[in-house]
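[1] Return atomic coordinates for the entry below.
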Amino acid sequence: MGKFFYNCSVFFYKIAIQLASIFNKKAKLFIQGRKHLLQKIKKDLQQSHSPVAWFHCASLGEFEQGRPLMEAFKKEYSHYKIVLTFFSPSGYEVRKNYKGADHIYYLPFDSKKNARLFLKYVNPKIAFFIKYEFWYYYSKGLRSGNIPVLSTSSIFRENQLFFKSYARFYRKILNNFTYFFVQDRKSRDLLKSIGITNATVAGDTRFDRVMNISEKRVSLPEVATFKDNKKLMVIGSCWPEDFDVLNSFINDTDIKFIIAPHEIEERFMERIENDLLKKCIRYSEIKDQHLAKYDVMIIDNIGMLSSLYAYGDYAFVGGAYGQGLHNILEPATFGLPIFFGNKNYNKFREARDLINLGGAVAVAGYDELRSQFRAFCDETTYNIASGINRDYVKDSTGATEKIISYCKNLIE
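    This next block holds a predicted model:
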């Protein structure tokens with residue numbers, strides 16, 4: 001019965017996406033990217049004689065978790081080809097030209113036939129599913145073929161189907177995995193509660209990624225010129241809901257601001273320019289202007305944000321007033337005190353941790369943001385928060401090394 005409902009959910013999800021593709025750009029990409037996909041995979045890989053490691057990520061966030069693992073694996077096993085798949089367009093469309101993988105595709109919908117053909121054409125010797133990805137037919141096919149499949153940076157919660165008494169089928173999916181490298185003890189204990197003991201607490205590979213970013217940050221002299229040795233707040237992954245709170249704060253606060261919208265939409269950028277009383281410039285418009293005279297820089301491209309935090313003194317990270325908080329580890333690794341909305345952050349362990357430690361603050365609105373910002377303007381308070389955030393990231397690294405060490409037992 002569980003398999004029946006699983007198949008129905010996949011089928012109806014596919015139908016819903018096809019209907020949404022009529023008027024939704026992302027849904028259209030989702031469908032178009034899977035047309036003739038298996039034939040393409042077969043053509044691309046049929047002449048390859050190299051062993052393959054398959055990495056699967058749901059979207060862009062999971063890719064950032066898998067990236068340090070992919071790069072470490074490639075360094076350790078250079079004779080392997082890397083096949084990278086995405087479920088979502090927000091991952092594939094941004095990283096389809098990523099140089100660290102040899103082949104990059106959408107993941108065909110999970111079905112018995114698709115999984116059989118995909119595994120036949122790709123012929124992986126090892127597979128890595130990042131964080132939340134648990135597909136029945138793919139994982140079953142890997143197990144049936146005696147192919148190791150590792151769940152990395154995974155995190156579990158009591159309310160997930162795996163831990164419901166009536167969801168035996170979904171627990172079968174977990175039993176297909178060779179090993180789990182979970183983020184915390186709670187996840188390990190939840191797995192143990194349903195009889196799964198092939199798990200260890202390795203931590204989150206994102207910490208390794210952001211530490212690597214901080215060590216190899218890109219120099220942006222135009223941003224340094226814009227900053228002009230003044231205090232700077234970097235507003236990352238900004239949504240309209242975030243700007244509703246930030247608008248008055250930016251107008252009332254005598255520091256510089258960089259705003260990086262989560263989605264590069266002309267209407268939103270025009271709103272920012274029209275609503276702010278300060279002098280704004282878009283990054284794409286930088287030519288020979290005297291940048292120091294501007295108060296706000298709007299980033300109208302994708303891919304710069306992690307390097308921008310290196311120039312900041314404070315960070316506001318968007319998303320928490322809407323669907324969910326975005327990445328706060330990037331500003332944390334540079335020691336920036338962090339602000340974010342107070343509505344949707346609780347599922348992110350690092351957000352809870354940094355609030356409790358004193359390196360981050362969840363704010364309800366303008367008044368609280370202003371008062372908390374003033375508190376961090378105190379030099380002692382600022383330095384304590386900055387040190388807390390740097391140390392939090394530094395002390396949490398090492399997950400990638402643990403996973404690669406385990407792989408040596410499987411491959412060598």
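
[2] And what about the residue most central in space within the chain, helix, strand or coil?
    For the chain, G61 is the residue whose C-alpha lies nearest the centre (Cα atoms, centre = their mean; 1.4 Å). Following DSSP: H, G, I helix; E, B strand; the rest coil, the label given to G61 is helix.

[3] pretty sure it is touching N327, no?
    Yes: counting by Cβ atoms under 8 Å, G61 touches N327, with 7.2 Å between them. (C-beta placed from N, C-alpha, C; glycine too.)

[4] which regions of the chain sit below the pLDDT cut-off?
    The chain contains residues with pLDDT under 70 at 412.

[5] one more time with 80, if that's ok
    In the predicted model, the chain carries pLDDT under 80 at residues 1-2, 288, 412.

[6] Which helix runs longest in it?
    helix 2-20 (DSSP state H).

[7] Show me what that one is packed up against.
    helix 25-32, helix 168-175 (3 or more Cβ pairs under 8 Å, 6 or more residues apart in numbering; DSSP states H and E).

[8] can you pull the buried residues of that helix?
    Across helix 2-20, burial judged by 16 or more other Cβ atoms under 10 Å covers G2, Y6, V10, I17.

[9] Can you lay out these as CSV showing distance to V245?
    CSV is the format used below for the buried residues of helix 2-20 (distance: Cβ to Cβ, whole Å):
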residue, distance to V245
G2, 44
Y6, 41
V10, 39
I17, 33
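
[10] Where do the strands of the stretch 151-300 of the chain begin and end?
    Assigned by DSSP state E, counting those that start in this stretch, the strands in the stretch 151-300 of the chain fall at 179-182, 199-201, 232-238, 256-261, 280-282, 296-298.

[11] Could I get the contacting residues of A260?
    Going by Cβ atoms under 8 Å, 6 or more residues apart in numbering, A260 touches V234, I235, G236, S237, C238, I299, M304, L305, L308.

[12] ok, back up a step: can you list the helices and strands packed on helix 2-20 in JSON lines and add mean neighbour count and distance to R352?
    Shown next, in JSON lines, are the helices and strands packed on helix 2-20 (neighbours: other Cβ atoms under 10 Å; distance: least, Cβ to Cβ, whole Å):
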{"stretch": "helix 25-32", "mean neighbour count": "15", "distance to R352": "30"}
{"stretch": "helix 168-175", "mean neighbour count": "17", "distance to R352": "25"}
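
[13] Looking at these, which is nearest to P331?
    helix 25-32 (26.7 Å; Cβ to Cβ).

[14] Quick one: residues in contact with that closest one.
    Counting by Cβ under 8 Å, 6+ apart, I17, Q18, A20, S21, I22, S88, P89, S90, Y92, E93, Y106 sit against helix 25-32.

[15] Can you check my assumption that R143 lies in a helix?
    Yes: according to three-state DSSP, R143 belongs to a helix.

[16] Against S371, how distant is the closest residue to it other than its chain neighbours?
    Distance criterion Cβ to Cβ, 6 or more residues apart in numbering; nearest residue to R143, sequence neighbours excluded, is N176 at 4.4 Å. The spacing between N176 and S371, counted by Cβ to Cβ, to the nearest Å, is 51 Å.

[17] quick one: which of those two has more around it?
    N176 (19 against 11; other Cβ atoms under 10 Å).

[18] what's the more buried one in contact with, if anything?
    Contacts of N176 by Cβ under 8 Å, 6+ apart are Y136, S139, K140, L142, R143, V149.

[19] Just the buried ones from those, in PyMOL syntax?
    Buried subset of the contacts of N176, written as a PyMOL selection, criterion 16+ other Cβ under 10 Å:
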select buried, resi 136+139+140+142+149
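
[20] Rebuild the contacts of N176 as a markdown table, extending it with distance to N114.
    Listed next are these as a markdown table, based on distance: Cβ to Cβ, whole Å:
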| residue | distance to N114 |
| --- | --- |
| Y136 | 12 |
| S139 | 13 |
| K140 | 12 |
| L142 | 14 |
| R143 | 17 |
| V149 | 16 |
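
[21] can you give me the strands in the stretch 301-412 of the chain?
    Under the criterion DSSP E, counting those that start in this stretch, strands of the stretch 301-412 of the chain are mapped to 314-317, 338-341, 360-363.

[22] Partner strands of the second one and their direction?
    When sheet partners are counted by DSSP bridges, strand 338-341 sits next to strand 314-317 (parallel), strand 360-363 (parallel).

[23] among the ones you listed, which is the most enclosed?
    strand 314-317 (a mean of 26; mean count of other Cβ atoms under 10 Å).

[24] Show me what counts as buried in stretch 300-313.
    For stretch 300-313, the neighbour count (16+ other Cβ under 10 Å) marks D300, M304, L305, S306, S307, L308, Y309, A310, Y311, G312, D313 as buried.

[25] Please parse the chain into its domains.
    Following automatic domain parsing, the chain resolves into domains at 40-204+397-411, 213-395.

[26] can I get these in a markdown table with distance to L29?
    Converted to a markdown table, these look like this (distance: least, Cβ to Cβ, whole Å):
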| stretch | distance to L29 |
| --- | --- |
| domain 40-204+397-411 | 4 |
| domain 213-395 | 14 |
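
[27] Out of those, the one nearest G33 is which?
    Judging the domains of the chain by Cβ to Cβ, what sits closest to G33 is domain 40-204+397-411, at 4.3 Å.

[28] Any figure for the gap between S144 and D353?
    40 Å.

[29] Likewise for R171?
    The value you get for R171 to D353, if Cβ to Cβ is used, is 29 Å.

[30] now swap in S193 and tell me
    With Cβ to Cβ as the criterion, S193 and D353 are 24 Å apart.

[31] Tell me which of these two has more neighbours.
    Neighbour totals were compared for S193 and D353, and D353 leads with 15 against 12 (other Cβ under 10 Å).

[32] who's in contact with that one?
    Y392.
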